[in-house]
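A.B. asks: What would the 3D arrangement of this be:
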Amino acid sequence: MPKTIKKRPVKKKPAQEDEVKSAAMQALEKVRERQKHVILGVSVFAGIIILYVVFSLYSSSMSSKAYSFEQEAYQYYYSSSAEKSLTEKDRWNRALDLYKKSFDTKANPSALFYIANCYYNLGDYENAINEYKLFADKYSSDKGILPLAYQKLASAYFKTNQPDKALDALNKLGGVDGGLFRDTALILEARHFEGAGQKESALEKYREIISDFPVSAWTAEANSKVSVEEAKITDVSPEQPADEPDKSGEPAAPEPGDTKDSEEQTAEK
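C.D. replies: A predicted model of the protein is given here:
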């Protein structure tokens with residue numbers, strides 16, 4: 001019988017040492033790369049936190065310093081008892097200097113508004129105008145102070161004989177916060193026109209207040225002005241006294257409250 005030929009088992013080729021090392025190194029490199037990314041991410045996050053904390057502390061410090069300057073400025077601006085020895089001009093100048101320091105330390109709307117007010121009080125209307133305009137541009141969302149800034153801006157324009165620009169400022173005042181201050185703008189416009197001798201324009205503004213703002217704080221003043229002008233128009237001419245018959249021979253109309261004749265006529269009937 002022929003001999004059975006046994007197949008020799010195929011021996012697996014052992015992995016080369018360098019191939020094993022290469023695979024291990026690649027895995028290690030991937031781990032290291034991931035670690036780098038994690039460390040980098042953590043470092044960036046930590047850096048942001050540190051910057052935020054530093055900025056917050058710095059901002060808080062600057063805010064505190066600015067507030068301190070502003071509080072000191074108020075004492076001069078509102079003439080505290082400790083500063084009565086100063087002249088008014090000196091008080092405005094000291095307040096102005098402190099408000100500037102406050103604003104330069106940390107910009108804030110109240111300091112800028114009072115800087116403009118100090119210039120206004122000192123009669124430096126050009127600088128006041130510039131500061132009020134800067135306020136309107138920089139803090140247009142501040143609905144608490146913006147109406148006051150527009151009123152003072154208009155006043156400064158009037159004082160420098162720039163009525164057109166003043167009326168433009170009042171028009172902007174009327175548009176603040178959806179027209180909330182429109183009645184105030186109208187009364188200031190009416191007073192200007194009246195002072196300038198433009199009665200018809202003034203009456204137009206007064207009538208607009210009466211019709212559009214019946215419960216405004218300015219309605220009583222507007223009613224008074226309109227009533228006076230209307231009374232002037234309806235007054236009897238001096239050439240024809242009320243107690244004399246007119247040229248047609250008809251008796252003059254009785255004065256309001258003079259009911260004696262009418263009562264007698266009623267009794268006769």
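A.B. asks: Just the CA atoms of stretch 203-214, as CSV, please.
C.D. replies: Extracted in CSV, the C-alpha atoms of stretch 203-214 (Å, rounded to 0.1, in the frame of the first residue of the first chain):
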residue,chain,number,x,y,z
LEU,A,203,-51.8,128.6,18.4
GLU,A,204,-51.5,125.7,16.0
LYS,A,205,-49.2,123.9,18.5
TYR,A,206,-51.5,124.8,21.4
ARG,A,207,-54.5,123.4,19.6
GLU,A,208,-52.6,120.3,18.7
ILE,A,209,-52.0,119.7,22.4
ILE,A,210,-55.6,120.2,23.2
SER,A,211,-56.9,117.8,20.6
ASP,A,212,-54.2,115.1,20.8
PHE,A,213,-53.3,115.3,24.5
PRO,A,214,-56.5,116.2,26.5
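A.B. asks: neighbours of Leu180, just the number please.
C.D. replies: 13 (other CB atoms under 10 Å). For every residue, glycine as well, the C-beta is placed using N, CA and C.
A.B. asks: List phi and psi for it.
C.D. replies: phi -60, psi -30 (degrees, to the nearest 10).
A.B. asks: same question, Tyr139
C.D. replies: According to degrees, to the nearest 10, Tyr139 has phi -130, psi 50.
A.B. asks: Excluding chain neighbours, what is closest to it?
C.D. replies: Pro109 (4.3 Å; CB to CB, 6 or more residues apart in numbering).
A.B. asks: who touches the one you found in this structure?
C.D. replies: Shown in contact with Pro109 (CB atoms under 8 Å, 6 or more residues apart in numbering): Phe135, Lys138, Tyr139, Asp142, Ile145.
A.B. asks: go on, Tyr119?
C.D. replies: Taking CB under 8 Å, 6+ apart, one finds Leu96, Tyr125, Asn127, Ala128, Glu131 in contact with Tyr119.
A.B. asks: Let me know the closest of those to Pro163.
C.D. replies: Tyr125 (13.8 Å; CB to CB).
A.B. asks: what's the spacing between that closest one and Ala154?
C.D. replies: Distance from Tyr125 to Ala154, counting by CB to CB, to the nearest Å: 12 Å.
A.B. asks: the more surrounded of these two?
C.D. replies: Each of Tyr125 and Ala154 has its neighbours counted (other CB under 10 Å); Ala154 has more, 26 against 18.
A.B. asks: The more buried one: what secondary structure?
C.D. replies: Of the three states, Ala154 takes helix under DSSP: H, G, I helix; E, B strand; the rest coil.
A.B. asks: Just the contacts of Tyr119: which are in strands?
C.D. replies: Per DSSP state E, strands hold no members of these.
A.B. asks: Pull the most distant pair out of these.
C.D. replies: Using CB to CB, the contacts of Tyr119 reach their maximum pairwise distance at Leu96 and Tyr125, which is 14.2 Å.
A.B. asks: residues in contact with Thr160?
C.D. replies: Tyr125, Glu126, Ile129.
A.B. asks: For it, grab phi and psi.
C.D. replies: phi -100, psi 20.
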